[in-house]
Structure formats: C-alpha cells, structure tokens
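Colleague: what follows is a predicted structure for the sequence shown.
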Amino acid sequence: MKTFQKPLTSGEETYYVRLLREGDADQAKAAKDILIEHNLRLVAHVAKKYQNVDEDMEDMISIGCIGLIKAIDTFDAGKGRLATYACRCIDNELLMLLRSKKKTSREISLYEPIGQDKEGNEIHLMDVIEQEQQDVVEALERQSNIRRLMLLMRQELTEREQEILVLRYGLKGGRELTQSEIGERMGISRSYVSRIEKKALGKLRQKFEQE
C-alpha cells in the first residue's frame, strides 16, 4: 500500500505557495514538488469514488495528478486552502476523462452506462455526477487535528487533566460523561471538574494555535 506524506499545516502550505510564486527557479521547483507530494493523498481519495467505473485505476490516478498539478499552478492563496481547490480540479480532470472516453459523433448521454457496481448493476455518468460527495479535505484535516491534539494532551497536560478530557469527550471510544458524573467517579466536586477542564482546554488551545 502506498504511504502518503502527511498533509501540510496551514502555515506550511502558505509558506510553500509563497515560495512557489516569489522564489527563484530552484526554490519554486522545490516548493512545487513539496506541494505535490503532500497532496497526493487527495488524488487517491477523489479517484476512489470512481473505483467501480470501467477505467484502469492507475490511469485515473495519473489523470488526477494532472489535476493536482494544475491546481498548484493556478491556486490563488487569497481564496482559502489549496486542498479544497485541488479536490475540485482533480475531480474535473477525472470527469473530463470519462466524458472523452464515452464521446462519439453524437452528443454524450449522461445516462450511458460507464461501468458496474459491486452487485453488477449498471452505473451511469449521471449517477457519478449526482453522488453526494464526502468532504475529503474536511475529513483529512479533522483526522490530522485529532492526532495533533492527542499528542499535545500527552505532552502538555497532567494525568488528571488528560483523564478528565478523555471522560468528558469520550476520546477513547467511551461514553461522554457529564461533569457531575466525572466528579462522582473521581471523588471531586463538579465545579472542580469544570475548572480543570477549562484550564486543560485553554492549554491545548494556546499550544495548538502556536503550532
């Protein structure tokens, strides 16, 4: 299984986009390579929704990479995150591929079969276009942020603070407890739980924003 580079933080992305636009030739090339490498997982995620289409997945990935490169070349840093823009560009390239494969002398039909699902049912281009798409960028950023927060909890918080946040928010798969329930379990008052929780969250917020 291919191992992808972890996503860039917002600050790192801004730095490399600026270097791509304002650096010398060598700096721009290095920045572009980094932006491509750290966003390749987006290509795989977007291409996955077409995995039941009658096209070779390696070809889909290659075309998706073209979309990613175009996104990096045309991205406007003043309009949000690169990953959000790149997902749209990747998706557009893949749809263009599917349309070109099916195009004949007549106008392409959105209801023309382009493959089958796992149960053998026909998939039409319209089915793919109308699918409600998962927000890939949001999901990746949420996973990345959760990993960062769990690491910061271990580095910055006391054992009691960690325990209270784990119980309060069900961070290890358990049920989310109220402050009163936590107080009863730990033998302290609800107001004390509240103060510890507030202090712990403040530590994490400050450290998280610094990074």
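Modeller: The structure has been received and is ready for your questions.
Colleague: count of neighbours near the closest residue in space to Ile34 that isn't next to it in sequence?
Modeller: Once flanking residues are discounted, Ile34 sits nearest to Tyr16: 5.4 Å by C-beta to C-beta, 6 or more residues apart in numbering. Backbone N, C-alpha and C define where each C-beta goes, glycine included. Residues contacting Tyr16 under the criterion other C-beta atoms under 10 Å number 23.
Colleague: looking at the chain, which helix or strand is least sure?
Modeller: Counting by mean pLDDT, DSSP states H and E, the weakest-scoring helix or strand in the chain turns out to be helix 125-130, with a mean of 52.
Colleague: mind jotting down where the strands sit in the chain?
Modeller: With strands called from DSSP state E, the chain shows them at 113-116, 122-124.
Colleague: need the pLDDT of the most far-flung residue of the chain relative to its centre.
Modeller: Relative to the centre of the chain, the most outlying C-alpha is that of Gly187, 40.6 Å out, by C-alpha atoms, centre = their mean. At Gly187, the model reports a pLDDT of 93.
Colleague: same deal with Thr158?
Modeller: In this model, Thr158 carries a pLDDT of 93.
Colleague: measure it to Leu201 for me?
Modeller: 13 Å (C-beta to C-beta, to the nearest Å).
Colleague: the more surrounded of these two?
Modeller: Leu201 (15 against 12).
Colleague: quick one: low-confidence parts of this structure?
Modeller: 1-2, 52-54, 79, 101-143, 211 (pLDDT under 70).
Colleague: same thing but at 80, please
Modeller: Applying pLDDT under 80 to the chain flags the ranges 1-4, 49-56, 77-80, 98-149, 171-173, 208-211.
Colleague: can you pull out the helices in it?
Modeller: All helices of the chain, identified by DSSP state H, fall at 10-22, 25-37, 40-48, 57-74, 82-102, 125-130, 136-156, 159-169, 179-186, 190-210.
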